[in-house]
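Visitor: Just to be clear, the model below is a prediction. Sequence and coordinates:
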Amino acid sequence: MYKQYYVYIITNKRNTVLYAGVTNDLKKRIYEHKEKLVDGFTKKYNINKLVYYEVIDNIESAILREKQIKGGSRAKKVALINNINNSWKDLYREL
């Protein structure tokens, strides 16, 4: 069975905090962030706007990519986002 994985970046309303994550169900995971269903960093900092995501074919590559993004500077994350979504609109409705 073929599965897809997603590496994503979400932010808060003012785009001041960035969070990178990985999931196999992007729509469900972003819904969980938006509804504050999981305690943690994103709930604490009201991070709920999907501004970037990539589709990856296997979990190992997805986890490596997430680590690469998390390990990069804020400037690198901003450049990734600006490359596909320079208005920083919430991409959740397009899923």
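Guide: Cool, the structure landed.
Visitor: moving C-terminal of the lowest-mean-pLDDT helix or strand in the chain, what's the next helix or strand?
Guide: The helix or strand of the chain with the poorest confidence is helix 41-44; it has a mean of 94 (mean pLDDT, DSSP states H and E). Downstream of helix 41-44, the first helix or strand assigned by DSSP states H and E is strand 49-56.
Visitor: what comes into contact with that following strand?
Guide: With contact meaning Cβ atoms under 8 Å, 6 or more residues apart in numbering, strand 49-56 is reached by 4-13, 15, 26, 30, 62, 65, 77, 80-81, 84-85, 88-92, 95. For every residue, glycine as well, the C-beta is placed using N, CA and C.
Visitor: For the chain, give me the ranges with low pLDDT.
Guide: 1 (pLDDT under 70).
Visitor: all helices for it, in order.
Guide: 26-34, 41-44, 59-71, 74-84 (DSSP state H).
Visitor: can you pull the contacts of the residue nearest to Tyr5 when sequence neighbours are not counted?
Guide: Leaving aside its chain neighbours, Tyr5 sits nearest to Ala62 (3.7 Å; criterion: Cβ to Cβ, 6 or more residues apart in numbering). Residues counted as contacts of Ala62 (Cβ under 8 Å, 6+ apart) are Tyr5, Tyr6, Val7, Val22, Ile56.
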